[in-house]
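Enquirer: no sequence for this one, just the structure:
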Ligand code: 13P
């Protein structure tokens, strides 16, 4: 049984010194985890400082985006082989802020997924509908289209190299968490699309206003493989509470 993933996406929030401080506070807990994988995605300029703090601790270090080519004239981008060389094990791809603020197209997201996987990184493919799409009853068609655009074709069907993060756009940073039935429905739909694309079972995370108060309910949904957390992961006490909740719930799951 795969461990529950609790991934912190620190976005463009912490300086290198602040990121190192947070990593230092999280470090003692990392070594105590049995049922949980702890992942962190600091900003690019903080990767080095966080890597130094983490040392050999069992924490996966990742980037918040990545290009698909190894090198070239792509000002402002970072290549997947550079991230892999640095020691990153994963990269977020297609985050809603990339799609909506920076207008990254499905084509770009798909290339980034392929580039990450081809160069030894796990791609965390972020998908999710906007409020307008949900209200128009388009949630399933949006999720299916995002999944098919990025996971179709000749992408290697490996469960090790791909994680899906379901992050409804309207729940990100808003304090409005999706309801348990909404999460359960979206996650089983995602599972069915992924299966239809002939992938093995992939971990599917939930993201969007996850806090220590709502996390155990979210994890009670059997198809939820963990969480991608923004705001709450910037606070050491909250991040640690999320990890502890995961340890407790995952323990019960294993027993059940
Ligand atoms: P919040 O947890 O702040 O809503 O952010 C979610 C997110 O975007 C994680 O990638």
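Expert: Good, I have the coordinates. These figures come from a predicted structure and were not determined experimentally.

Enquirer: What helix or strand is residue 91 located in?
Expert: strand 90-93 (DSSP states H and E).

Enquirer: what does residue 206 give?
Expert: If you go by DSSP H and E, residue 206 is part of strand 204-207.

Enquirer: where in the stretch 101-250 of the chain is pLDDT low?
Expert: The model of the stretch 101-250 of the chain has no residue with pLDDT under 70.

Enquirer: And the helices in it?
Expert: 106-118, 131-135, 139-151, 180-196, 215-219, 236-255 (DSSP state H, counting those that start in this stretch).

Enquirer: need the ones you listed in CSV with mean neighbour count and distance to residue 206, can you?
Expert: Every C-beta, even on glycine, is put in place using the N, C-alpha and C of the backbone. Shown next, in CSV, are those (neighbours: other CB atoms under 10 Å; distance: least, CB to CB, whole Å):
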stretch, mean neighbour count, distance to residue 206
helix 106-118, 20, 19
helix 131-135, 14, 15
helix 139-151, 19, 13
helix 180-196, 17, 5
helix 215-219, 20, 5
helix 236-255, 17, 12
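
Enquirer: will you turn the ones you listed into a markdown table that also has distance to the ligand?
Expert: Shown next, in a markdown table, are the helices of the stretch 101-250 of the chain (distance: least, CB to the nearest ligand atom, whole Å):
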| stretch | distance to the ligand |
| --- | --- |
| helix 106-118 | 14 |
| helix 131-135 | 14 |
| helix 139-151 | 15 |
| helix 180-196 | 14 |
| helix 215-219 | 11 |
| helix 236-255 | 10 |
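
Enquirer: ok, the one residue in the stretch 151-256 of the chain that gets nearest to the ligand to residue 250 distance?
Expert: Relative to the ligand, the nearest point of the stretch 151-256 of the chain is residue 230 (2.3 Å; CB to the nearest ligand atom). From residue 230 over to residue 250 the distance is 22 Å, taken as CB to CB, to the nearest Å.

Enquirer: What of residue 172?
Expert: Counting by CB to CB, the gap from residue 172 to residue 250 is 24 Å.

Enquirer: Enumerate the residues of the stretch 1-150 of the chain near the ligand.
Expert: 9, 95 (CB under 6 Å from any ligand atom).

Enquirer: Name whatever forms a beta bridge with the nearest residue to the residue of the stretch 151-256 of the chain closest to the ligand once chain neighbours are set aside.
Expert: Once flanking residues are discounted, residue 230 sits nearest to residue 9: 5.3 Å by CB to CB, 6 or more residues apart in numbering. Going by DSSP bridges, residue 9 is paired in beta bridges with residue 41.

Enquirer: so how many other residues sit close to residue 9?
Expert: 26 (other CB atoms under 10 Å).

Enquirer: Am I right that it is in contact with residue 41?
Expert: Yes - assessed by CB atoms under 8 Å, residue 9 is found in contact with residue 41 at 5.0 Å.

Enquirer: what do the two both touch?
Expert: Taking CB atoms under 8 Å, 6 or more residues apart in numbering as the criterion, residue 9 and residue 41 both touch 64, 92.

Enquirer: what about the residue sitting furthest away from the middle of the chain, which SS state?
Expert: Within the chain, residue 73 marks the point farthest from the mean C-alpha position, 27.8 Å out by CA atoms, centre = their mean. Residue 73 falls in the coil class when you classify it by DSSP: H, G, I helix; E, B strand; the rest coil.
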